[in-house]
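Colleague: Predicted model, plus sequence, below.
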Amino acid sequence: MNAPQTADDQAIKVGVIADQTGALSFIGVANANVAKMVIADINAKGGLLGRRLDLYLEDTTTSDAVAAAKAAKLVQKDGVDVIFGGIYSSTRQAIKQPAVVEGKTLYIYPEQYEGEESDPLIFCTGPVPAQQVDPFIPWLMRETGARTFYLPSADYIWPHVMNRKVREVVAAEGGSIVGEEYFPLDHTDYGETIARIESTGADVVFCTVVPPGVGPFLEQLHASGFRARGGRLVCTYFDENFLNMVPAEHVEGLYSCLDYYQAVGDPFSKRLLEQYDALYSGNAQFTAGSACSGLYRGLRLWAAAVEEAGSLDQEQVIRALDHAKLAHGPGGPAEMVPGQHHVRMNMYIARAEGGRFGIVKRLGAIDPQERTLVMA
């Protein structure tokens, strides 16, 4: 979708970049659906500031180069007022250059990620390590007695930073890292790595391998008998969309830690899921690790900021967004932590059983503990 069919000069232009084709299409389609759903809902209630929202939806084809080109188009040709999107952290960085560095346009990144993004024009609405690694690893070690961890990883910024955080927390809890490896995103032969996992007797595999390589890794790890011997598998980004991607037996017992699962069950989250499912059939579900929850949250927080500002003036919107709150959202309420451009939100630990996630621990609202920006 290159531009809305009903665009006019009075509309507020919202750019959304989603991986609608390519390796991440099974989650990118869900993000596109969320953008369409929320914007349609806002328009049905009169829009913002008495103006309609027009959605400019672009496909990355799961390519960072394409994402950068689409971001440039949204800024330079379409003149959007805000940009949302990106899954991989490398995609965020690809969008950032043309949209933020060159285009000076407000950018809201919705995915759970490694943290440490700190720019006056960027807000992040998914969980960061202080909300995932910090509470989850100590809980896992207490609950299971795990002490040794192996870290198979994709070779880009998110796994590198996540693993650094894991090393810190595991060491603080009296455990150790017995292996750490990095692979290209499309790597498929993990035989030697799994042999090393077995030789170390690692209690936990903390996996930051991502699509398309994660499917082969999980298949080969399962075939090795890792879980049968009592090993624990952790993939903090895994949600219902990712469970659908692989046979249930490959991820039985997998632990994850996110801001929302379909089993959370509060009244608003239930209604939201029902609304989404009624609009969009198929396998692209409303989930958290796929950035649906962060995109919903980001769109609503931005809309609240525009209403408070009473204007689309970017500086005024940013000032309002810095303290924006959402009384109801997927997984519960959420709010920007002033100065940090990251969100305080409820977090949950879940475990996969029979191809579905069940909540095993409700962690409550957790601060992102990100760096406070020094505003000019």
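Modeller: Looks like it came in fine.
Colleague: okay, now the domains of this protein?
Modeller: If you go by automatic domain parsing, the domain ranges for the chain are 12-128+264-345, 133-235.
Colleague: So which of those is nearest C257?
Modeller: Using Cβ to Cβ as the criterion, the shortest distance between C257 and the domains of the chain is 4.1 Å, found for domain 133-235. In short, each C-beta sits where N, CA and C put it, glycine included.
Colleague: ok, A309 - contacts?
Modeller: Counting by Cβ atoms under 8 Å, 6 or more residues apart in numbering, A309 touches Q316, V317, R319, A320.
Colleague: next one: phi and psi at it?
Modeller: Here is the backbone geometry of A309 (degrees, to the nearest 10): phi -70, psi -30.
Colleague: quick one: it and G145, what's the gap?
Modeller: According to Cβ to Cβ, to the nearest Å, A309 and G145 sit 52 Å apart.
Colleague: Please apply the same query to E114.
Modeller: Applying Cβ to Cβ to E114 and G145 gives a distance of 28 Å.
Colleague: Ok, S63 next?
Modeller: According to Cβ to Cβ, S63 stands 43 Å off from G145.
Colleague: When the two are compared, which one has more neighbours?
Modeller: Each of S63 and G145 has its neighbours counted (other Cβ atoms under 10 Å); S63 has more, 17 against 10.
Colleague: Let me see the backbone angles for that one.
Modeller: Dihedral angles (degrees, to the nearest 10) for S63: phi -130, psi 130.
Colleague: can you pull the pLDDT of the closest residue to P247 other than its chain neighbours?
Modeller: Once its chain neighbours are removed from consideration, P247 has its nearest residue in E219; the separation is 7.8 Å (Cβ to Cβ, 6 or more residues apart in numbering). The predicted local confidence for E219 comes out at a pLDDT of 98.
Colleague: V374 too?
Modeller: Looking at V374, its pLDDT reads 72.
Colleague: Is it correct that it falls within a helix?
Modeller: No: assessed with DSSP: H, G, I helix; E, B strand; the rest coil, V374 is coil; it does not lie in a helix.
Colleague: For the residue nearest in space to the middle of the chain, list the residues it contacts.
Modeller: Centrality entry for the chain: nearest residue to the mean C-alpha point is E111, 2.3 Å, by Cα atoms, centre = their mean. Residues touching E111, when contacts are defined by Cβ under 8 Å, 6+ apart, comprise G86, I87, S89, R92, G126, A291, G294.
Colleague: residues contacting I197?
Modeller: Contact partners of I197, counting by Cβ under 8 Å, 6+ apart, are Y150, P152, G179, V205, L221, S224, F226, G231.
Colleague: make it 6 Å
Modeller: Shown in contact with I197 (Cβ atoms under 6 Å, 6 or more residues apart in numbering): Y150.
Colleague: Residues in contact with the lowest-mean-pLDDT helix or strand in the chain: which ones?
Modeller: Lowest on mean pLDDT, DSSP states H and E among the helices and strands of the chain sits helix 240-245, with a mean of 93. Contacts to helix 240-245, defined as Cβ under 6 Å, 6+ apart, come from residues F26, I27, Q262, N283, Q285, T287, S290, G355.
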